[in-house]
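1. My questions are about this predicted structure, shown below with the sequence.
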Amino acid sequence: MIQVRKAAERGHFDHGWLDTNHTFSFGDYYDPAHMGFRSLRVINDDRVAPGQGFGMHGHRDMEIVTYVLDGALEHKDSMGNGSIIRAGQLQRMTAGTGVRHSEFNPSDTEWVHFYQIWLLPRRKGLKPSYEQLAVGEKDKRGRFGLVASPDGAAGSLTIHQDAYLYLASLSPGEGVAHEIDRGRAAWLQVLRGSANVLGHDLAAGDGVAVTDEKAVSVQATVPSEVLLFNLA
């Protein structure tokens, strides 16, 4: 079964300093038909103005993954971490028993564009933790490169959930496929460009839920980047 979630159908808010799109219900956007997909709870497509950001705030019992597409994001948290996440880099924060953090655009001139993703953890009460990963073009060029997994395989981020995240960067006409084991499902998000996914033409911001299929196949129509979730 294929269920397409078009970019224009997402919840959208323009706060001036923040332009945000919500694939699933989040904050002031509520749609009972789009509350998440399996353990995947949030996919927010955010653009933050220069010198602006999210002030210190708290989370509990959530796996939070951020992927920066353009610009840079300054991270600080109550665990003592402080870093700059640049384009092509990801961060994973396990909120667990409770953590506070801020995300800020340190540039004076450039907007930062990033995806923030929340997944439900395998259990509540985990110890808060943080890690960061740089993904080179060679790691995702023409293939699904693993960027997060339950056991941190192949140097990927460690997600405390039975979920695997992959990035693929594709040239026009280039295709890639990923097998889905019986009982599992996939969500594919188009981050840049446009691609055909299992016969459906998708553009940047579009997503698709894939259930009861043996594989996900993607063919780019222009230079594109996609994010794939393989979920229990």
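-> All right, it came through fine.
2. can we go C-alpha only for contacts and neighbour counts from here?
-> OK.
3. most distant residue from the middle of this structure?
-> Computed with Cα atoms, centre = their mean, the residue of the chain farthest from its C-alpha average is residue 108, at 25.4 Å.
4. Could you pull up the contacting residues of that one?
-> Counting by Cα atoms under 8 Å, 6 or more residues apart in numbering, residue 108 touches 50-51.
5. Tell me if it really is in a strand.
-> No: counting by DSSP: H, G, I helix; E, B strand; the rest coil, residue 108 is located in no strand; its state is coil.
6. and the gap between it and residue 25?
-> Going from residue 108 to residue 25 by Cα to Cα, to the nearest Å gives 31 Å.
7. same question, residue 217
-> From residue 217 to residue 25 the distance is 27 Å (Cα to Cα).
8. Equivalent analysis for residue 159, please.
-> Residue 159 is 22 Å from residue 25, by Cα to Cα.
9. since we're on the nearest residue to residue 17 once chain neighbours are set aside, how many residues are nearby?
-> In this structure, residue 17 finds its nearest non-sequential neighbour in residue 49, 5.0 Å apart by Cα to Cα, 6 or more residues apart in numbering. Residues lying near residue 49 (other Cα atoms under 10 Å) number 20.
10. which ones are touching residue 49?
-> 16-18, 105, 110-112.
11. Which strand residues bridge the closest residue to residue 130 other than its chain neighbours?
-> Nearest residue to residue 130 in three dimensions, chain neighbours excluded: residue 93, at 4.5 Å (Cα to Cα, 6+ apart). Assessed by DSSP bridges, residue 93 has beta-bridge partners residue 64, residue 130.
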